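Engineer: coordinates for the following, if possible.
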Amino acid sequence: MMPDAVATRASSVDDWARAIARPNISPAGGSAAALTAAMAAALVEMVAALTAEREAYALVHEEARAARARAEGLRQELLTLASADAESLRRFEQALALPRGSDAERELRERRKRSALREGAEIQRDVLGGCVEVAALGTALVERGLQTARGDAGTAVFLAAGAARGAWQAIRLNLADEPPGSEFSLIIQAAAGKMAGVAEAEQLAERLFDRP
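Structural biologist: Below you'll find the model as predicted:
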């Protein structure tokens, strides 16, 4: 079982699954979204590596190698974000446990809660950004990568799209009380634009699979 301090480099998939399954506030959906996106990036790496090894795909070797390198970086970033989200949730949990007997205590508690929620939203913004890239890389491999592995590339796209939806909802929920026009409300607007990019990549992948 994973210790209280979540460390992605030292934790197995089973560790993460068990930790998320516990009736605790952390880790939760944000970490699950980041981990799912990391698995999608790993699939992109695999398909890109296979494509780069096949002489029949010589025309896209350079593209495949670049996709593999970027996907590897995204995988590492997303694993780090999974841990960061868990830590952010712990800070939110600590804020909830603060006393609220006096006005000063209630003010401090609310300030700490909002800080943790904002931090979580920023983390999920970065998760969403990673999902956009993974989905785009996966779609390109569905179209131009090793065709016997196109199902794996497609799985990467669909996993990234699902993770993106989770990140998007987390951003909206965390920032629901932010005033319109504020710095943090603008994160919601930017995230909506990124969701459009994810949806486009997912739809393109579906069309490619339907192509004879």
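
Engineer: contact partners for residue 170?
Structural biologist: In this structure, residue 170 makes contact with 29-30, 33, 120-121, 124, judged by C-beta atoms under 8 Å, 6 or more residues apart in numbering. For every residue, glycine as well, the C-beta is placed using N, CA and C.

Engineer: 7 Å - rerun?
Structural biologist: When the contact criterion is C-beta atoms under 7 Å, 6 or more residues apart in numbering, the partners of residue 170 are 29-30, 120, 124.

Engineer: also residue 99?
Structural biologist: By C-beta under 7 Å, 6+ apart, the contact list for residue 99 reads residue 105.

Engineer: reduced to three states, what does it come out as?
Structural biologist: On the three-state scheme (DSSP: H, G, I helix; E, B strand; the rest coil), residue 99 is labelled coil.

Engineer: which element follows the helix or strand bottoming out on mean pLDDT in the chain toward the C-terminus?
Structural biologist: Of all the helices and strands that make up the chain, the one with the lowest confidence by mean pLDDT, DSSP states H and E is helix 13-21; it has a mean of 91. Per DSSP states H and E, helix 13-21 leads on to helix 29-53 as the next helix or strand towards the C-terminus.

Engineer: chain center to that next one: distance?
Structural biologist: 11 Å (C-alpha atoms, centre = their mean, to the nearest Å).

Engineer: quick one, it and helix 13-21 angle?
Structural biologist: Taking axes from the mean of the first three to the mean of the last three C-alpha atoms, to 10 degrees, one finds that helix 29-53 is oriented at 150 degrees with respect to helix 13-21.

Engineer: ok, which pair from the contacts of residue 170 is furthest apart?
Structural biologist: Largest separation among the contacts of residue 170 by C-beta to C-beta: 29 and 120, giving 10.2 Å.

Engineer: higher neighbour count, those two?
Structural biologist: Taking neighbours as other C-beta atoms under 10 Å, residue 29 and residue 120 compare with residue 120 leading, 24 against 16.

Engineer: confidence score at the more buried one?
Structural biologist: According to the model's per-residue confidence, residue 120 sits at a pLDDT of 97.

Engineer: okay, and the nearest residue to residue 49 once chain neighbours are set aside sits in which element?
Structural biologist: On the basis of C-beta to C-beta, 6 or more residues apart in numbering, the spatially nearest residue to residue 49 that is not a chain neighbour turns out to be residue 68, at 5.4 Å. For residue 68, the host element (DSSP H and E) is helix 61-96.

Engineer: packing partners for that helix?
Structural biologist: When contacts are defined as 3 or more C-beta pairs under 7 Å, 6 or more residues apart in numbering; DSSP states H and E, helix 61-96 packs onto helix 29-53, helix 103-144.

Engineer: could you pull up the residues touching residue 78?
Structural biologist: Residues counted as contacts of residue 78 (C-beta under 7 Å, 6+ apart) are 34, 37-38, 41, 127, 130.

Engineer: farthest pair within these?
Structural biologist: 41 and 127 (11.4 Å).

Engineer: for the residue located most distally from the centre of the chain, give me phi and psi.
Structural biologist: Among residues of the chain, the one most distant from the C-alpha centroid is residue 102; the distance is 38.8 Å, by C-alpha atoms, centre = their mean. Backbone torsions of residue 102, given as degrees, to the nearest 10, read phi -110, psi 170.
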